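Participant: next comes the sequence, and after it the predicted model I'd like to discuss.
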Amino acid sequence: MNSLWLHGWATDRQVFQGVTCNLKKNFRDLACPFDLPGFGSAAPLEEGETYSGQIVSLLPLWGINEERIGIVGWSMGALVALEMAAQLKDKAGPVVLISGCACFTRSQDNRYGKDRRILELMSQRLDHEPEAVLENFFSGMFSQSRQAYRESFSRRFWPGYRIQDIRALRQGLTYLSQADLRPLLGYIKSPVLLIHGADDPVIDFRLAEELSRALPGANLVKISEGDHIPFWGAEKYFADLIGDFLEKNAD
């Protein structure tokens, strides 16, 4: 079974390389890390396009027509993964959500979300100091107990990630600010594995708990001392955890 891997905001498919390389060979060969529109080598969204809609339209070009496809999403990619699973219905295979939620921003009925004003300020600052916005975001993904991993992430990715398409970055922030996938959760029939760090400073663990309760049969794995990018530095563990879930639910 093919599996599509969707990264988070301001990153690209390379962020999954350590995990996908540690998958069992049969799943490693069928793993498809994907650059979301505007990130990596992909062009930004055009007017009227959506992240999930563009990806679904590309599946036939990859030879994925009738068979079910597994979907792995991290952070913003987890939101897109949920949207895709609802759109694909029976063609959606097992879904893995790492550091994910169904609604990112705070409201009266989503009290553990982020203040929307934070995203608005980030969007405004992109015009004048984009590198500072990105550096603050990447630093903020890691908990205090995992600062050594932050340094290794920066060494690996900062040279490339420091210069990105401002339009695409702003499109992503708008998506995070507006997306509320809670009304779509009832359409998702796929088995779902949620993996979330107990100390995630970006998406509160309680949002993962709420999402788990809203998805019948979902399994939530809590990573003690895990932060917003808990697979960084634990690639083999995540490869085994995700690979076993995909294999168990491949039929």
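Facilitator: Here it is on my side, so go on. Numbering: from 1, shown residues only.

Participant: okay, CA-based contacts and neighbour counts for the rest of this
Facilitator: Fine.

Participant: would you mind listing the buried residues in stretch 49-57?
Facilitator: For stretch 49-57, a neighbour-count test (16 or more other Cα atoms under 10 Å) marks Tyr51, Ser52, Ile55 as buried.

Participant: now the last one. Its backbone dihedrals?
Facilitator: Same thing as Ile55. Note on Ile55: backbone dihedrals following degrees, to the nearest 10 are phi -70, psi -50.

Participant: against Glu135, how distant is it?
Facilitator: 28 Å (Cα to Cα, to the nearest Å).

Participant: which residues are in contact with Leu45?
Facilitator: The neighbours of Leu45, taking Cα atoms under 8 Å, 6 or more residues apart in numbering as the test, are Pro37, Gly38, Tyr51, Ala168, Gln171.

Participant: that one: what secondary structure?
Facilitator: Three-state assignment for Leu45 (DSSP: H, G, I helix; E, B strand; the rest coil): coil.

Participant: what's the neighbour count on Asp180?
Facilitator: For Asp180, the neighbour count with other Cα atoms under 10 Å is 17.

Participant: kindly report the same for Arg111.
Facilitator: Arg111 has 12 nearby residues by other Cα under 10 Å.

Participant: what residue ranges in the stretch 1-150 of the chain score low on pLDDT?
Facilitator: Applying pLDDT under 70 to the stretch 1-150 of the chain flags the ranges 62-66.

Participant: what's the closest non-adjacent residue to Ile9?
Facilitator: No, residue 9 isn't Ile; it's Trp. Leaving out its chain neighbours, the residue that sits closest to Trp9 by Cα to Cα, 6 or more residues apart in numbering is Met76, at 5.8 Å.

Participant: and if you look at Met122?
Facilitator: Once flanking residues are discounted, Met122 sits nearest to Val133: 6.3 Å by Cα to Cα, 6+ apart.

Participant: just checking, what packs against the one helix or strand that neighbour maps to?
Facilitator: Assigned by DSSP states H and E, Val133 falls within helix 130-140. Judged by 3 or more Cα pairs under 8 Å, 6 or more residues apart in numbering; DSSP states H and E, helix 130-140 is in contact with helix 147-161.

Participant: the helix it packs on: which residues count as buried?
Facilitator: Across helix 147-161, burial judged by 16+ other Cα under 10 Å covers Tyr149, Arg150, Phe153, Ser154, Trp158, Tyr161.

Participant: so who does the fourth one touch?
Facilitator: What that stands for is Ser154. With contact set as Cα under 8 Å, 6+ apart, Ser154 has these partners: Phe138.

Participant: 10 Å instead, please
Facilitator: Glu135, Phe138, Ser139, Gly160, Tyr161, Arg162 (Cα atoms under 10 Å, 6 or more residues apart in numbering).

Participant: closest to Ala218 among these?
Facilitator: Distance to Ala218, by Cα to Cα, is smallest for Phe138 among the contacts of Ser154, at 28.8 Å.

Participant: so that closest one sits right up against Arg150, yeah?
Facilitator: Yes: using Cα atoms under 10 Å, Phe138 is in contact with Arg150, at 7.8 Å.

Participant: which residue would you name as the spatial centre of this structure?
Facilitator: Trp74 (2.2 Å; Cα atoms, centre = their mean).

Participant: quick one: that one and Glu67, what's the gap?
Facilitator: 23 Å.
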